[in-house]
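A.B. asks: okay, sequence plus prediction incoming.
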Amino acid sequence: MSELRLSHVIAGCVAVLVGYAGSVAIIYQATLAAGATPEQASSWMLALGLGCGLSSIYLSLRHRIPMLTAWSTPGAALLVVALPGVPLSEAVAAFLFCGLLLLITGLTGWFERLNDWIPDALANAMLAGVLFRFGVEAFGALQIDWVFAGSMIAAYVLARSFAPRFAVPLLLVYGLGFAAATGEFDLSAWSGVGVAMPVFVMPSFDMSVLISVGLPLYLVTMSSQNMAGVAVLRGAGYRAPVSSALNVTGALTVVLAPFGGFAFNLAAITAAICANEEAGEDAEKRYFAPVFSGLMYIILGVFGAAVIGLFLAAPKVFVAVLAGLALLPTIAASLSAAIETPAHREAALITFLTTVSGISFVGIAAPVWGLLFGALTYGLTKLR
């Protein structure tokens, strides 16, 4: 504990704030699509908080690198579309199926071997592409509320100039203060503080639901989350123990699926906050940041119902600007590393642009297509 620093605590807190604020609304919509009761919706938040917290703490302490996990936000978006008309018990079976696929992927080790073949330039290009839209949305918020967004951007620039190590925490404090002072928190949806209780749902297996919900959930989780999460760690200079992460997140998905834990994976966006230099000068001690995030995830999961209301009340401009500006150093570092080697530059640019495009075919998201197109270009270049 003597090695814990304020920067670790701040980075862990910001990562959880961004993670919750950016996806709680989507998870809430997914619970409605599944026909869950308010008690079951709170159980979902409890299961998701416990899963993220326990896996983040275990993996970070086990491997001594900043391994933050998360629920699958793209997976939640998929559930919003796929679950209407599907009984909750069959949806839970699809969650179990996804967890088993994640666990099998980790145990076989093929995904880790695949990542060893991916050039660092392409991994950094994919990461930059994944994070790029968050930077764009931070400045796009000027069109929504130029006073709030503009003042946050100005505060960040000033903080980076005079107190660079504390730029993000100062921005967090300023944004919260501004929102509170101007009354931009909408607390009408908040029902107060209450402790979430686990609600078990017995799964019932239907092959069509497993194929139409469980398999796409697995593909989205792997392509949009785990690949990007590995790229985050590689971009920050860490070698990710991919199979270990898949074993833990897959097993937790299986265990917590009956309570609403639909899919766990390596974090991407929030992991970048815990892995970059803002989380601490000593790269070997940054694993304390996701450990703190894990504790926060568990606490917030216990108060699942209250969390849903509070984060739905947070101003969208505040969340967009905070997430985008917090990730600016990572975006810059990834882009720089991607195009640093002239021989890899064209393949890296193709990877980056494909990822930014957001294309999706046959249930496979843009980051994977970016890597495939970039790898093909890279291979042809080497052959030439």
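C.D. replies: Cool, got the structure.
A.B. asks: what is the neighbour count of residue 206?
C.D. replies: 17 (other Cβ atoms under 10 Å). For the C-beta atoms, the positions are set from N, CA and C on the backbone; glycine is no exception.
A.B. asks: that one and residue 94, how far apart?
C.D. replies: 9 Å (Cβ to Cβ, to the nearest Å).
A.B. asks: is residue 54 in a helix, a strand, or coil?
C.D. replies: helix (DSSP: H, G, I helix; E, B strand; the rest coil).
A.B. asks: what residues are up against it?
C.D. replies: By Cβ atoms under 8 Å, 6 or more residues apart in numbering, the residues touching residue 54 are 252, 294, 298.
A.B. asks: between these, which has the most around it?
C.D. replies: Per-residue neighbour counts (other Cβ under 10 Å) across the contacts of residue 54 peak at residue 294, which has 27 neighbours.
A.B. asks: can you give the distance of whichever strand or helix holds that residue from its chain's centre?
C.D. replies: Here residue 294, judged by DSSP states H and E, is contained in helix 288-302. Remark: helix 288-302 is offset 14 Å from the chain centroid, using Cα atoms, centre = their mean, to the nearest Å.
A.B. asks: which one in this protein is furthest away from the centre?
C.D. replies: residue 384 (38.0 Å; Cα atoms, centre = their mean).
A.B. asks: what ranges do the helices span in the stretch 51-200 of the chain?
C.D. replies: 73-82, 88-108, 110-117, 120-140, 146-162, 167-181 (DSSP state H, counting those that start in this stretch).
A.B. asks: mind putting the ones you listed in CSV, distance to residue 6 and mean pLDDT included?
C.D. replies: Formatted as CSV, those follow (distance: least, Cβ to Cβ, whole Å; pLDDT from 0 to 100):
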stretch, distance to residue 6, mean pLDDT
helix 73-82, 28, 82
helix 88-108, 34, 93
helix 110-117, 33, 67
helix 120-140, 24, 82
helix 146-162, 15, 91
helix 167-181, 8, 82
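A.B. asks: nearest to residue 268, out of the ones you listed?
C.D. replies: Closest to residue 268 of the helices of the stretch 51-200 of the chain, according to Cβ to Cβ: helix 120-140, at 6.0 Å.
A.B. asks: got the CA coordinates for that closest one in CSV?
C.D. replies: Extracted in CSV, the C-alpha atoms of helix 120-140 (Å, rounded to 0.1, in the frame of the first residue of the first chain):
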residue,chain,number,x,y,z
ASP,A,120,2.9,-3.5,-33.3
ALA,A,121,2.2,-0.8,-36.0
LEU,A,122,-1.1,-2.4,-36.9
ALA,A,123,-2.1,-2.9,-33.2
ASN,A,124,-1.4,0.7,-32.5
ALA,A,125,-3.3,1.8,-35.6
MET,A,126,-6.3,-0.2,-34.5
LEU,A,127,-6.2,1.3,-31.0
ALA,A,128,-6.0,4.8,-32.5
GLY,A,129,-9.0,4.1,-34.7
VAL,A,130,-11.0,2.8,-31.7
LEU,A,131,-10.2,5.8,-29.6
PHE,A,132,-10.4,8.3,-32.4
ARG,A,133,-14.2,8.9,-32.2
PHE,A,134,-13.9,9.7,-28.5
GLY,A,135,-11.6,12.6,-29.3
VAL,A,136,-13.9,13.7,-32.1
GLU,A,137,-16.9,13.6,-29.8
ALA,A,138,-15.1,15.7,-27.2
PHE,A,139,-14.8,18.6,-29.6
GLY,A,140,-18.1,17.8,-31.3
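A.B. asks: still on that earlier bit, any chance of the helices of the stretch 51-200 of the chain in a markdown table, plus mean neighbour count?
C.D. replies: Listed next are those as a markdown table, based on neighbours: other Cβ atoms under 10 Å:
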| stretch | mean neighbour count |
| --- | --- |
| helix 73-82 | 22 |
| helix 88-108 | 22 |
| helix 110-117 | 13 |
| helix 120-140 | 23 |
| helix 146-162 | 16 |
| helix 167-181 | 18 |
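A.B. asks: which one of these lies closest to residue 271?
C.D. replies: Using Cβ to Cβ, the nearest of the helices of the stretch 51-200 of the chain to residue 271 is helix 120-140, at 10.2 Å.
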